[in-house]
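Engineer: Quick one: sequence and predicted model below, then my questions.
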Number of protein chains: 2
Amino acid sequence: MSEKRTEIREIGEFGLIDHLNEKVVVKNPSSIKGIGDDAAVIDAGDHVKVITTDLLLEGVHFDLAYAPLPHVGFKAVAVNVSDVAAMNAIPKQITVSIALSNRFSVEAVDALYAGIHAACEHYGVDLIGGDTTASRSGLVISITAVGEAQKDQIAYRNGAKANDILCATGDLGGALVGLQILEREKQVYLANPDMKPDLEKYGIVTARQLKPDARMDIIHELRELDVVPTSMMDISDGLASEIFHICKASNVGATIYEDKLPIDKQTFDTAVELNLDPITCVLNGGEDYELLFTIDQKDFKKLEKHPDIHFIGHITKAEEGKFLVTKSGTAVQLKAQGWKHF
Amino acid sequence: MSEKRTEIREIGEFGLIDHLNEKVVVKNPSSIKGIGDDAAVIDAGDHVKVITTDLLLEGVHFDLAYAPLPHVGFKAVAVNVSDVAAMNAIPKQITVSIALSNRFSVEAVDALYAGIHAACEHYGVDLIGGDTTASRSGLVISITAVGEAQKDQIAYRNGAKANDILCATGDLGGALVGLQILEREKQVYLANPDMKPDLEKYGIVTARQLKPDARMDIIHELRELDVVPTSMMDISDGLASEIFHICKASNVGATIYEDKLPIDKQTFDTAVELNLDPITCVLNGGEDYELLFTIDQKDFKKLEKHPDIHFIGHITKAEEGKFLVTKSGTAVQLKAQGWKHF
């Protein structure tokens, strides 16, 4: 008699997460929001704290063949800060745990921490704790970030309602295109180590991949303009996937417009050079760490002229479904392919 | 010209931690206590939160050859709860991140989470978030725990003063002895897979290693008795090493007495069987997850009759040094060997 064995790839990363979350029961009154958003929310007397955590492994999340250690450190902090931003909160503290194999010298660890400290400085967060241990295979980084907000400032995924305007910051698809370039140049280098990779013309897209910047600037501006998004999340798994998350959590539909989707010129040109469809890169490329949020129509005037907030569509009733209206005016059903680790 | 390369083993785990911590500057007013204690402390309006995190890797911190997955899950939570206890705080929330190689099935992940959920239930904590990702080499678990306390209840490492009484809970050395037995039986099994390991007579020590219990019972009792330790930490790296930490942080010395050190009979007998000195196991064995704390003499009467709190010595002035008084009455200098991962 053999025990049943279900491979994780059969149910996928999101399937596994859903499966694990089914069994979770939250009991403490201070646990305001548990699993299911960009960060958890806990009570802190006169305010709330948000808590988020990310686990990053060498060879899965970063490749030291092309990612310099200071960039890896900076990005590890930035992706957590991005989750705090996605709750409309201000990051205040992080803990950093690292596991190191003996391949890493003290100088290498210093290079990693140079990036971590630079990110702490950039985002105004304090490094308050962590754990340092040995690893048998490469570098592992686990960061937990804590942020603060007033309770009524928190933006969850579940607050979008029909007729809200769907907004995206910055430009999208760059991090995916940058990754393709870095992988291509790595193969060229491995085939011929005398060949020096020519990355100069790909500066924007490779920077999008190697050193993303969490959009805390947008969070501070929303506060100054007195706008609380009705829903928000960060774009880490791809725009389409994130729209699906908001629609599911808020029980709504959405329509977005191809001609409103923000794409940088270098991202577009490089995608074409790589034989990738630029719009597919925008919809399904991950790791841009921009913000996707919805606002009530009454707030539109306040944001209308913002150079880096794009009004990509609007929220509809759930039964209207999720559509992309192409440049030619055809409505095609949106698909969420996301970013697969398993 | 070659760059300087310093191996981590040259400076050791504590050396690396000290080196990394030198550069840390804490700026936000809500960061009450950063690196350097069992957990960080942050302001939460009418109370404080404590935050601690641990990163556990297969092959470094646990061996699935003898550690059942539910035990690994339980222990991963317990070691974080123990750090919260060590601050004299009550744990409320945890986040759990895991990285899995394709060796792990959905059923294996369920077994791991069965232990995590059992620990959440046991300690009254809510699982509020985390991250799930792929790994190229085995299981990685990163847990962050959040606890609560009133500001004046927090017990730091730096509050011990001369003439305070040094207390240790439970018994010590068992987890190390249990680990030696498990490693021995693993080798026997590897040499001859038909040989069934005989672990029955080692039930106590193997349980100390595989399923430690954080001493939240003691924390609740201290509250009921209205005792706030002048300093406290958990015993994860070995009693001697922890005494050194308290002495360094509090700028004091300590004298402990061999005949007061708590050791379980099975731990003693098994140590002898393994040709290990039982007192060395008590002083330098790690992973017992008992509590080491100091109390003002005025509180002694309240704890005097507690069956599981042992008064192992007292705090002295820093210049008096750190000594162990043997059963024969000789004072020998205490050495902190600790528990090495690098």
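Structural biologist: Alright, I've got the coordinates.

Engineer: CA atoms for contacts and neighbours, from now on please.
Structural biologist: Will do.

Engineer: quick check, distance from the helix or strand bottoming out on mean pLDDT in chain A to the centre of its chain.
Structural biologist: When the helices and strands of chain A are scored by mean pLDDT, DSSP states H and E, helix A:8-21 comes last with a mean of 89. From the chain centre to the centre of helix A:8-21 is a distance of 19 Å (Cα atoms, centre = their mean, to the nearest Å).

Engineer: Now it: buried residues?
Structural biologist: By 16 or more other Cα atoms under 10 Å in any protein chain shown, the buried positions in helix A:8-21 come out as A:8, A:13, A:16-17, A:21.

Engineer: ok, and which of these reach chain B?
Structural biologist: The subset of the buried residues of helix A:8-21 within reach of chain B, by Cα under 8 Å from any Cα of the partner chain, is A:8, A:13, A:16-17.

Engineer: Closest to B:G313 out of these?
Structural biologist: Nearest to B:G313 out of these is A:I17 (Cα to Cα; 49.1 Å).

Engineer: Nearest residue to the closest one in space, ignoring adjacent ones along the chain?
Structural biologist: Excluding the flanking residues, the one nearest A:I17 by Cα to Cα, 6 or more residues apart in numbering or on different chains is B:T132, at 7.1 Å.

Engineer: where does the one you found fall, phi/psi-wise?
Structural biologist: For B:T132, the backbone dihedrals are phi -130, psi 130 (criterion: degrees, to the nearest 10).

Engineer: any chance you could map the helices in the stretch 1-150 of chain A?
Structural biologist: A:8-21, A:69-85, A:106-123 (DSSP state H, counting those that start in this stretch).

Engineer: Columns distance to B:A114 on top of those, output as TSV?
Structural biologist: TSV is the format used below for those (distance: least, Cα to Cα, whole Å):
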stretch	distance to B:A114
helix A:8-21	10
helix A:69-85	27
helix A:106-123	34
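
Engineer: hey, which of those is tucked in deepest?
Structural biologist: Most buried of these, by mean neighbour count (mean count of other Cα atoms under 10 Å in any protein chain shown): helix A:69-85, with a mean of 27.

Engineer: May I have that helix exported as CSV, CA atoms only?
Structural biologist: Backbone C-alpha positions of helix A:69-85 (Å, rounded to 0.1, in the frame of the first residue of the first chain) are rendered in CSV as follows:
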residue,chain,number,x,y,z
LEU,A,69,25.4,41.7,-4.2
PRO,A,70,24.6,45.3,-3.2
HIS,A,71,21.7,45.2,-5.7
VAL,A,72,20.5,41.9,-4.3
GLY,A,73,20.5,43.5,-0.8
PHE,A,74,18.7,46.6,-2.0
LYS,A,75,16.1,44.7,-3.9
ALA,A,76,15.4,42.3,-1.0
VAL,A,77,14.4,45.3,1.1
ALA,A,78,12.6,47.1,-1.7
VAL,A,79,10.2,44.1,-2.5
ASN,A,80,9.2,44.1,1.2
VAL,A,81,8.8,47.9,1.3
SER,A,82,6.6,47.5,-1.9
ASP,A,83,4.3,45.2,0.0
VAL,A,84,4.0,47.8,2.8
ALA,A,85,3.3,50.5,0.2
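
Engineer: between that helix and helix A:106-123, how many degrees?
Structural biologist: 30 degrees (axes from the mean of the first three to the mean of the last three Cα atoms, to 10 degrees).

Engineer: Off-centre distance for helix A:69-85?
Structural biologist: 10 Å.

Engineer: ditto for stretch A:83-100
Structural biologist: 13 Å.

Engineer: isn't A:A240 right up against A:L334?
Structural biologist: Yes. If you go by Cα atoms under 8 Å, A:A240 and A:L334 touch, sitting 6.9 Å apart.

Engineer: between the two, who's got more neighbours?
Structural biologist: A:A240 (24 against 19; other Cα atoms under 10 Å in any protein chain shown).

Engineer: Name all residues that make contact with that one.
Structural biologist: The contact partners of A:A240, taken as Cα atoms under 8 Å, 6 or more residues apart in numbering or on different chains, are A:283-284, A:334-338.

Engineer: what about 7 Å?
Structural biologist: By Cα atoms under 7 Å, 6 or more residues apart in numbering or on different chains, A:A240 lies in contact with A:283-284, A:334-336.

Engineer: hmm, which two among those are most spread apart?
Structural biologist: A:N284 and A:L334 (10.6 Å).

Engineer: what's the spacing between A:H47 and A:G285?
Structural biologist: 35 Å (Cα to Cα, to the nearest Å).

Engineer: So which of these two has more stuff around it?
Structural biologist: Neighbour count, other Cα under 10 Å: between A:H47 and A:G285, A:G285 has more, with 27 against 15.

Engineer: Run through the residues of the stretch 101-250 of chain A sitting next to chain B.
Structural biologist: Within the stretch 101-250 of chain A, the residues that sit near chain B (Cα under 7 Å from any Cα of the partner chain) are A:105-107, A:126-131, A:133-135, A:137, A:142.

Engineer: Determine which two of these are furthest apart.
Structural biologist: Pairwise over these, using Cα to Cα, the maximum falls at A:D126 and A:S137, 28.7 Å.

Engineer: more neighbours, the two?
Structural biologist: Set A:D126 next to A:S137 and count neighbours by other Cα under 10 Å: A:D126 wins out with 26 against 18.

Engineer: As a check, name the ranges of all strands in chain A.
Structural biologist: For chain A, the strands defined by DSSP state E cover A:31-33, A:40-44, A:47-57, A:90-100, A:126-134, A:140-149, A:165-169, A:231-235, A:252-257, A:290-295, A:309-317, A:322-325, A:331-333.
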